[in-house]
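Chemist: structure for this input, please:
(3 chains)
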Amino acid sequence: MDYATLNFKELIPTLDGAVLVVTLNRSKQRNTFSTGLADELERVFQLADEDDRVRVVITTAAPDAPAYCSGADLSAGWGGLGGKGSPYETREPGGNVSLAVYNCRKITIAAVNGHAAGVGMTGMQLPYDFRFVWEGAKLAFPFVRRGIAPEALSSFFLPSLLGMSRAKALFLSGTVLAPSSPLLAGLYHSIIPKKEDVFPSVLAFARELAANTSQTAVAMTKSLLVHPPVSGSLEEVVEMESRTLSMLSKEGDAREAGKAFLEKRAPRMADGLGVLDKAGEWYPWWNRQAKL
Amino acid sequence: MDYATLNFKELIPTLDGAVLVVTLNRSKQRNTFSTGLADELERVFQLADEDDRVRVVITTAAPDAPAYCSGADLSAGWGGLGGKGSPYETREPGGNVSLAVYNCRKITIAAVNGHAAGVGMTGMQLPYDFRFVWEGAKLAFPFVRRGIAPEALSSFFLPSLLGMSRAKALFLSGTVLAPSSPLLAGLYHSIIPKKEDVFPSVLAFARELAANTSQTAVAMTKSLLVHPPVSGSLEEVVEMESRTLSMLSKEGDAREAGKAFLEKRAPRMADGLGVLDKAGEWYPWWNRQAKL
Amino acid sequence: MDYATLNFKELIPTLDGAVLVVTLNRSKQRNTFSTGLADELERVFQLADEDDRVRVVITTAAPDAPAYCSGADLSAGWGGLGGKGSPYETREPGGNVSLAVYNCRKITIAAVNGHAAGVGMTGMQLPYDFRFVWEGAKLAFPFVRRGIAPEALSSFFLPSLLGMSRAKALFLSGTVLAPSSPLLAGLYHSIIPKKEDVFPSVLAFARELAANTSQTAVAMTKSLLVHPPVSGSLEEVVEMESRTLSMLSKEGDAREAGKAFLEKRAPRMADGLGVLDKAGEWYPWWNRQAKL
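Modeler: Okay, the predicted model is just below:
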């Protein structure tokens, strides 16, 4: 599969070794979130999830873009966002994008090299595993000041990521924030002084992770974190963790990592996600079709 | 409705534009938490919830009070707190107050302009959306040092607000803390150097929010945050967020906010909570009667 | 019961007043986590849970140990960790240890006076109520770099303790961290400059808590925090908090603490956990046999 031939328009996917770089292609529109962009983001993250070559996915704006993502595409007004009843009538597309990113079994990173507001803060950042940001970015969750409410699963993500105290303060004040705001403490993995250094920093971080982590281990770690057991009991968590450890420890990546550790060299972990098919009936313990 | 005529005794409610200021009226008792105060707090927050004039509710101590709230009223000993079996026999009143504040659909702010301990830290602060505090306040969750356990829903709120690491440390040490303690990081929206500046700072903050936010958007944002979907599934979160966005975007506040944004002027959002009655059977998705 | 006669080998339990000190006894093996150590940790925490003399439990390394706990015992390779299929075949032992520590109704403290990795970070730290650490400790959650996934209930504990943003970053990067890393903010109660000062600092902290807290109040506070009500409803939380407050306020510890407070002297709280047997059918509200 060659990402260059897949007819993406609103974004440009580029495979750099084991790192898939998704560059937003709506710089002239300040990378506003259109239904077309939403469809393509959902699709590219589903492809990355299934593609063993991809170990890390980065979403970023082009170097000359005036914003990382300045919110929903309101070029045709609220009414222009979807079908007749809009916006989005019965289902807003940010939720689909967030589910695709959140359920992607690879490491995901938002390289926020510009301003961000609305869905540019929610669906374009919160479902990712890591967020890097430019120190000068203006950031806002302005929903209550626009007469609307948070979307793209952000009413779930923000309390989960930062706790309810910061989540309420962010959503109910709706003010413009700098990345260094105490309200955002813990959200960003790194705050980068220069705008043009954000993407290179993220790429170096991504390449190091791609080279030194196991994609099966990453996939199972993410599954344990984001898909709590059905019963919610700690006993079931122990069972899922135990089954996972037992399975992974017998596979090639764990053996290679063990050898490399003893030999004090970098490991070459080559297992693909097909390994997980051997897990048996217990995996996945959630309903993948239902996106739950 | 005129709040001044409603015969409140333990507190004084004053409507300042769209901001309802609830001043505790037990300065001589260090604003200790009596069953009378509890009943009046529950009532005033229920009134504010239903009153379209009110967009923000502030709870604060009088300027000359020696404490914001120094805990339960033990003037008649533990036995004086409730009926025969007491304290509070089968239901302690802090839980009722916390539910009334937590379920209030307006923005709620605790202006902690003095010392606080016990229920003064729990029911009088944790269910609020924002907390401002005087830098010199002495703060304590002393329960385990008094032979009792946390109440007023604080065993749920504190881990939810700050995470379980800080919640356990706060509840199990029970020491007196300054607002700047790392254990409290994220709890206070602002720490104000001078005691007498706490309330004016909060009032200015409240007025700005009252002027520039939509009360229907605030109500729905709070509903999404504090009432997770029944199934607990992300798919259901997307559905509730989508229905909310679709509904709100067609109402007056979103249209006015959109226009004002384009015209670079302040919006005049006038929708009342009656708008939410049009939502249909899906709202509320939780049981309001049961206070859940 | 004399802890010295109970034939522990991998650890040394010492009762210091009301503080049980559990010193890891595998310094030569860098305190690696063996199945023998796991069994003894589970047992000693179950004993401490039932022993009214014990109010606080500390786990620590010997002063001359080269590490607090440097991970799983891989001296016989991955295959040496358990039975035939290993590691640990159907149940990894870190989960048992974490459940024993988490369910212990006494105050638990990890005195991390050395480096820690893998289960040395998870099962040996996360289920504790407090963590103190040496400033120079090297800390790592290296699972994804070893081809495996987190265990010992850490996939539940870390998001619960610090929020999902930090939990994902810690587990998916797997890098070596200093205690002062922003990623760990909130995890450690205190960071101690000198290695040899860690244990004395923890012991002084533990003695103060043992002297001035009620063990029944501690037990019930922990129950409210770690065993949410079955229905998950706030109404049920209020009920459990109310029942707990009503019960505890009538017992000796609350009366003594109340008197001591009025008389401005230190309390002498003597109630044992047998008091909780009087609670009635509502306690425990979770299934203790099932370790849930």
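
Chemist: show me where the stretch 51-200 of chain A has its helices.
Modeler: Along the stretch 51-200 of chain A, the stretches classed as helices by DSSP state H, counting those that start in this stretch are A:93-103, A:154-162, A:164-173, A:195-212.

Chemist: which elements pack onto the second one?
Modeler: Which is helix A:154-162. Applying 3 or more CB pairs under 8 Å, 6 or more residues apart in numbering or on different chains; DSSP states H and E, one finds that helix A:154-162 makes contact with helix A:164-173, helix B:215-226, helix B:234-249, helix C:164-173. No exception for glycine: its C-beta is placed from N, CA and C like everyone else's.

Chemist: find the nearest non-adjacent residue to the residue in the stretch 51-200 of chain A positioned nearest to chain C, please.
Modeler: Per CB to the nearest CB, residue A:161 is where the stretch 51-200 of chain A lies closest to chain C, at 4.0 Å. Distances taken as CB to CB, 6 or more residues apart in numbering or on different chains put residue C:165 closest to residue A:161, at 4.0 Å, once the chain neighbours are dropped.

Chemist: does the one you found really touch residue A:187, like I thought?
Modeler: Yes - assessed by CB atoms under 8 Å, residue C:165 is found in contact with residue A:187 at 5.7 Å.

Chemist: before we move on, back to that, which pLDDT value goes with the residue nearest to residue A:161?
Modeler: pLDDT for residue C:165: 98.

Chemist: give me the number of residues near it?
Modeler: 27 (other CB atoms under 10 Å in any protein chain shown).

Chemist: ok, it - contacts?
Modeler: Residue C:165 sits next to A:161-162, A:186-187 when contact means CB atoms under 8 Å, 6 or more residues apart in numbering or on different chains.

Chemist: between those residues, which has the most around it?
Modeler: Sorting those by how many neighbours each has (other CB under 10 Å) puts residue A:162 first, at 26 neighbours.

Chemist: per-residue pLDDT, that one?
Modeler: 98.

Chemist: thought residue A:186 was touching it, still the case?
Modeler: Yes - with contact defined as CB under 8 Å, residue A:162 reaches residue A:186; the gap is 5.6 Å.

Chemist: intersection of neighbour lists for these two?
Modeler: C:163, C:165.

Chemist: just for chain A, where's the confidence low?
Modeler: In the predicted model of chain A, residues A:76-89, A:288-292 satisfy pLDDT under 70.

Chemist: now the strands for it?
Modeler: Secondary structure of chain A by DSSP state E: the strands cover A:11-16, A:19-24, A:56-61, A:107-112, A:116-117, A:130-134, A:139-140, A:176-177, A:190-192.

Chemist: of these, which is nearest residue C:273?
Modeler: Among the strands of chain A, strand A:130-134 comes nearest to residue C:273, with 44.5 Å by CB to CB.

Chemist: can you list contacts of the closest one?
Modeler: Taking CB under 8 Å, 6+ apart as the rule, strand A:130-134 contacts A:107-114, A:125, A:139, A:179, A:187-192, A:194-195, A:198, A:201-202, A:205, C:168-169, C:172-173.

Chemist: what sits against the closest residue to residue A:70 other than its chain neighbours?
Modeler: Closest residue to residue A:70 apart from its sequence neighbours, by CB to CB, 6+ apart: residue A:30 at 4.1 Å. By CB under 8 Å, 6+ apart, the contact list for residue A:30 reads A:65-67, A:69-70.

Chemist: hmm, back to that, residues in contact with the residue of the stretch 51-200 of chain A closest to chain C?
Modeler: A:126, A:186-187, C:163-165.

Chemist: any idea how far residue C:192 is from it?
Modeler: Counting by CB to CB, to the nearest Å, the gap from residue A:161 to residue C:192 is 30 Å.
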